[in-house]
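# what follows is a predicted structure for the sequence shown.
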Amino acid sequence: MELMNVCVIIGVVLGFYVFVRRFNEIWYLFKLGRKLNKSLPPGDLGWPFVGSTFSFYKAFKVEGDPYTFIHTLLLRYGRVGMYKSHLYGMPTIIVTNPEICRRIYLDDERFEPNYPKSVKILETNGDFSKIDHKSGYKIMASPMNGSEVLSKHVEFIEQTVEKGLEEWSSMRREPIELVDEIGGLLFKIILHIFLGNEIDGQAMAELHTLYKELGLVIMSFLPYDLPGFTYRRALKARKKIEKILHCVIEKKRKRFEKDDGTNEVVHCQVDKLIVATNENGSKPYNNSTIIDLILGIFFAGHNTPAIAAMWALLHISQNPHIFQMAKEEQESIIRQRPSTQKGLTFQEIKQMKYLTKFINEVLRRNTVAPTNFRKARTYVNINESTNVGDICKIGRIIHQNQENSSLLDLEAGWSLLTKIARSLTCLAPSQETIAFAKLLGSHSEG
């Protein structure tokens with residue numbers, strides 16, 4: 001009798017576990033219907049409400065190795081390029097196939113950007129989604145396109161970097177917090193390009209500190225405005241950022257209004273937005289809209305390049321022959337420089353072929369933004385699979401595929417791609433890492 005009771009209890013517990021573990025599968029089967037549910041790609045929807053978010057967060061944030069999360073999907077379901085999952089409270093299709101990603105990116109009619117709540121903290125009041133954001137980015141990007149215009153920023157960038165390097169060399173403390181220091185330099189540069197000289201050093205330093213607060217919650221799986229949560233501190237930091245930017249933009253706007261826009265010269269990207277007019281002759285970009293446009297740009301424009309620069313320095317230190325070849329290229333360019341020339345020019349930057357290949361390889365091996373999100377506006381059939389929710393594109397996995405890498409033709413018989421790939425494979429080469437590296441090297445998703 002007691003044995004039977006124990007068996008019943010075990011059976012109930014196991015049954016409850018299976019039901020809870022399969023709750024998401026059952027729920028979406030009921031919601032979508034059997035026919036539509038069968039057309040979804042293989043995968044696992046995880047636990048109720050949280051789905052596979054904890055596993056995803058652990059791989060990306062805690063372990064710092066996103067491949068473990070994708071590795072599990074590859075081993076369980078094969079290399080199919082798409083997998084169903086449940087991330088950040090949303091049913092999600094994970095895409096690792098480059099061709100499918102390309103089709104999704106080019107299809108604006110059926111797919112729209114839709115990031116988790118923790119990323120949407122880089123938006124303010126939502127005006128950004130109510131306007132033609134592409135036209136806004138085009139207005140800001142137009143002054144940045146073309147070598148003639150870009151060359152105007154080279155001198156300022158060179159001076160800023162030189163000053164920063166001198167400050168680092170005079171520092172007594174060791175080690176230097178590399179990402180933070182590089183990020184500070186890049187933050188000065190991007191603020192100068194977008195805001196001009198309207199912002200002083202104190203406000204710039206305060207903005208940089210506030211943006212660090214925002215960076216702590218990007219891709220967080222607990223974006224809750226509760227006491228003690230990092231997300232609440234980030235919300236307060238964002239409000240302070242809005243206030244500072246609003247004052248700067250308003251100061252610029254009043255200057256243009258005072259001179260009726262005739263005598264004032266447009267110095268920066270924000271100036272372009274302030275004076276921009278639509279086909280009706282009205283100005284579509286108010287202060288809040290401009291802040292919506294530049295809030296995320298300021299974060300990505302200094303944070304991601306700083307991380308990329310850190311990886312570049314790491315790989316150079318591990319591969320001294322690459323550093324030597326890049327250095328020889330720089331010295332060759334300097335030897336060809338006219339004696340009357342002072343400082344770097346944009347034309348010289350364009351001559352840095354080897355360095356460009358090195359940077360591209362670093363970005364391929366260490367994709368700074370490992371994921372991108374899109375939302376299907378309606379039911380979409382891709383490769384005989386139907387997508388009905390959000391799409392998470394894992395760019396880093398695509399870039400790690402050796403057959404998707406760029407072809408390099410380097411002298412001295414050395415392949416930059418092979419050297420860096422080998423050096424990275426040797427970092428903590430556990431059996432799983434080696435097995436996954438072989439899997440990536442022996443298959444193509446293209």
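The structure has been received and is ready for your questions. Since we're looking at a predicted model, the values are computed, not measured. Residues are numbered from 1 along each chain as shown.

# just the endpoints, please. Distance across stretch 43-50?
End-to-end distance of stretch 43-50 (C-alpha to C-alpha, to the nearest Å): 15 Å.

# which residues of this structure score low on pLDDT?
Applying pLDDT under 70 to the chain picks out residues 1, 34-35, 37, 61, 63-66, 123-150, 172-173, 260-265, 369-370, 383-446.

# which helix or strand lies directly C-terminal to the biggest helix by length in it?
Secondary structure of the chain read by DSSP state H shows that its longest helix is helix 287-318. Sequence order places helix 320-335 as the next helix or strand after helix 287-318, per DSSP states H and E.

# CA atoms of whichever helix or strand comes after that following helix as CSV?
With elements assigned by DSSP H and E, the helix or strand that comes after helix 320-335 is helix 346-350. The C-alpha coordinates for helix 346-350 follow below in CSV (Å, rounded to 0.1, in the frame of the first residue of the first chain):
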residue,chain,number,x,y,z
PHE,A,346,41.2,60.2,-45.5
GLN,A,347,43.1,59.1,-48.7
GLU,A,348,45.7,57.5,-46.5
ILE,A,349,43.1,55.6,-44.6
LYS,A,350,41.8,54.2,-47.9
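
# counting by contacts, list what the helix or strand just after helix 346-350 packs against.
Towards the C-terminus, the helix or strand next in line after helix 346-350, according to DSSP H and E, is helix 353-365. Contact analysis of helix 353-365 by 3 or more C-beta pairs under 8 Å, 6 or more residues apart in numbering; DSSP states H and E lists helix 287-318, helix 320-335, helix 395-400, helix 416-425 as its packing neighbours. All C-beta atoms are positioned from the backbone trio N, CA, C, and that covers glycine.

# run the last query once more with 7 Å
Here helix 353-365 touches helix 287-318, helix 320-335, helix 416-425, going by 3 or more C-beta pairs under 7 Å, 6 or more residues apart in numbering; DSSP states H and E.

# mind putting the ones you listed into CSV with mean neighbour count and distance to residue 220?
Shown next, in CSV, are the helices and strands packed on helix 353-365 (neighbours: other C-beta atoms under 10 Å; distance: least, C-beta to C-beta, whole Å):
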stretch, mean neighbour count, distance to residue 220
helix 287-318, 19, 14
helix 320-335, 14, 36
helix 416-425, 18, 27
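
# all helices of the stretch 1-150 of the chain, in order?
Residue ranges of the helices in the stretch 1-150 of the chain, as given by DSSP state H, counting those that start in this stretch, are 2-21, 23-32, 34-38, 53-57, 67-77, 98-106, 127-130, 133-141, 147-170.

# equivalent analysis for the stretch 151-300 of the chain, please.
Applying DSSP H, counting those that start in this stretch to the stretch 151-300 of the chain gives helices spanning 178-195, 201-215, 230-258, 269-275, 287-318.

# now these as a markdown table including distance to residue 101?
Formatted as a markdown table, the helices of the stretch 151-300 of the chain follow (distance: least, C-beta to C-beta, whole Å):
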| stretch | distance to residue 101 |
| --- | --- |
| helix 178-195 | 27 |
| helix 201-215 | 25 |
| helix 230-258 | 29 |
| helix 269-275 | 29 |
| helix 287-318 | 19 |
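
# show me the contacts for residue 310.
178, 179, 182 (C-beta atoms under 7 Å, 6 or more residues apart in numbering).

# looking at these, which is nearest residue 239?
Nearest to residue 239 among the contacts of residue 310, counting by C-beta to C-beta, is residue 179 at 25.1 Å.
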